[in-house]
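Colleague: sequence isn't available, so here's the structure alone:
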């Protein structure tokens, strides 16, 4: 199964790579990090042997367009995990492919990250995580910037809806792990124009989410988690589900017995099927 998954990832990297379009969210340096002078890098030096981005200082969107004539007006911004240290960009190629096949315009957000000082970002990230105090201190310095990158991305996609052949009221987020923290902070604390119309929160981390009373706009929510997740307690996802229930807003929760932190293993790796079904039930695959 793992060899098949690796083959699929490599195959999809090749088939989607030509479709990638890089869109920077700011002309020049991003506000607040103008003095970040380290250089963004890419490497495949990690256990998955897939493309990993680190030292992001200029937030950007990687865009994948559906085939001509198949777009249904729905857009999804994927907010990857990675402990605010790295972004496993190619991990989401399979997800992008499935969404693009459904006529969805997909964006993968490269948000600002903690500075990596070595030539081995994966090992440096793992080392930082062993010192909880240091790790949280590093996250605190960059988290506000990364959250702003999420809200800026949502506003950018809506502002350029006509250019991207999408509808302003069909812009969603799919977030994983650290990306879930950023996305939830954006949902709870942003003005309506920066709040997505729908969201999928996977492997939710709630420790540093600053919950506030819901704004007038509350996105429909899909939640997926694995009970054996050692990094994000499944109770986080149940808490989210109860928040949305209390607000009488559309919400769906899937908890799998096994799957790991990133829902890579069965049965949790079927969450994509459930998510596509949910999107269809919400009318997100229908044209105008």
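Modeller: Nice, thanks for sending it over. Every value quoted in this text rests on a predicted model; they were computed, and no experiment measured them. Residues are numbered from 1 along each chain as shown.
Colleague: so what's residue 238 up against?
Modeller: Listed by C-beta atoms under 8 Å, 6 or more residues apart in numbering, the contact partners of residue 238 are 253, 255. All C-beta spots, glycine's among them, are computed from the backbone N, C-alpha and C.
Colleague: tell me which element it falls in.
Modeller: Assigning secondary structure by DSSP states H and E places residue 238 in helix 234-246.
Colleague: average pLDDT for that helix?
Modeller: Model confidence over helix 234-246 averages 96 on the pLDDT scale.
Colleague: show me what the following helix or strand past that helix is packed up against.
Modeller: Next along the chain after helix 234-246, taking DSSP H and E as the criterion, comes strand 251-256. The contact analysis (3 or more C-beta pairs under 8 Å, 6 or more residues apart in numbering; DSSP states H and E) places strand 251-256 against strand 220-226, helix 234-246, helix 271-281.
Colleague: try 10 Å
Modeller: Counting contacts by 3 or more C-beta pairs under 10 Å, 6 or more residues apart in numbering; DSSP states H and E, strand 251-256 packs against strand 198-202, strand 220-226, helix 234-246, helix 271-281.
Colleague: what's the pLDDT at residue 12?
Modeller: Reported pLDDT for residue 12: 40.
Colleague: repeat for residue 81
Modeller: In this model, residue 81 carries a pLDDT of 92.
Colleague: what's opposite the residue nearest the centre of the chain in the beta bridge?
Modeller: Centroid-nearest residue in the chain, with C-alpha atoms, centre = their mean: residue 79, separated by 1.7 Å. Per DSSP bridges, the residues bridged to residue 79 are residue 175.
Colleague: just to check, it is in contact with residue 185?
Modeller: No. Residue 79 is not in contact with residue 185 according to C-beta atoms under 10 Å; the separation is 11.0 Å.
Colleague: who touches both of the two?
Modeller: Taking C-beta atoms under 10 Å, 6 or more residues apart in numbering as the criterion, residue 79 and residue 185 both touch 146, 150.
Colleague: need the winner for burial among the helices and strands packed on strand 251-256.
Modeller: For the helices and strands packed on strand 251-256, the largest average neighbour count (mean count of other C-beta atoms under 10 Å) is found in strand 198-202, namely a mean of 26.
Colleague: tell me what that one is packed against?
Modeller: Counting by 3+ C-beta pairs under 10 Å, 6+ apart, strand 198-202 packs on strand 75-79, strand 171-176, helix 178-189, strand 220-226, helix 234-246, strand 251-256, helix 271-281.
Colleague: show me what contacts the residue nearest to the centre of the chain?
Modeller: 87, 92, 107-109, 111, 146, 149-150, 153, 173-183, 186, 199-201.
Colleague: now do 8 Å
Modeller: 109, 111, 150, 173-176, 179-180, 182-183.
Colleague: now those residues in TSV, with distance to residue 57, pLDDT and neighbour count?
Modeller: Compiled in TSV, those are given as follows (distance: C-beta to C-beta, whole Å; pLDDT from 0 to 100; neighbours: other C-beta atoms under 10 Å):
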residue	distance to residue 57	pLDDT	neighbour count
109	14	97	26
111	10	98	28
150	16	98	27
173	22	98	30
174	24	98	28
175	21	97	28
176	22	94	27
179	18	96	27
180	23	96	28
182	16	97	28
183	21	97	28
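Colleague: now for these: which two are most distant?
Modeller: 111 and 174 (13.9 Å; C-beta to C-beta).
Colleague: lovely, talk soon.
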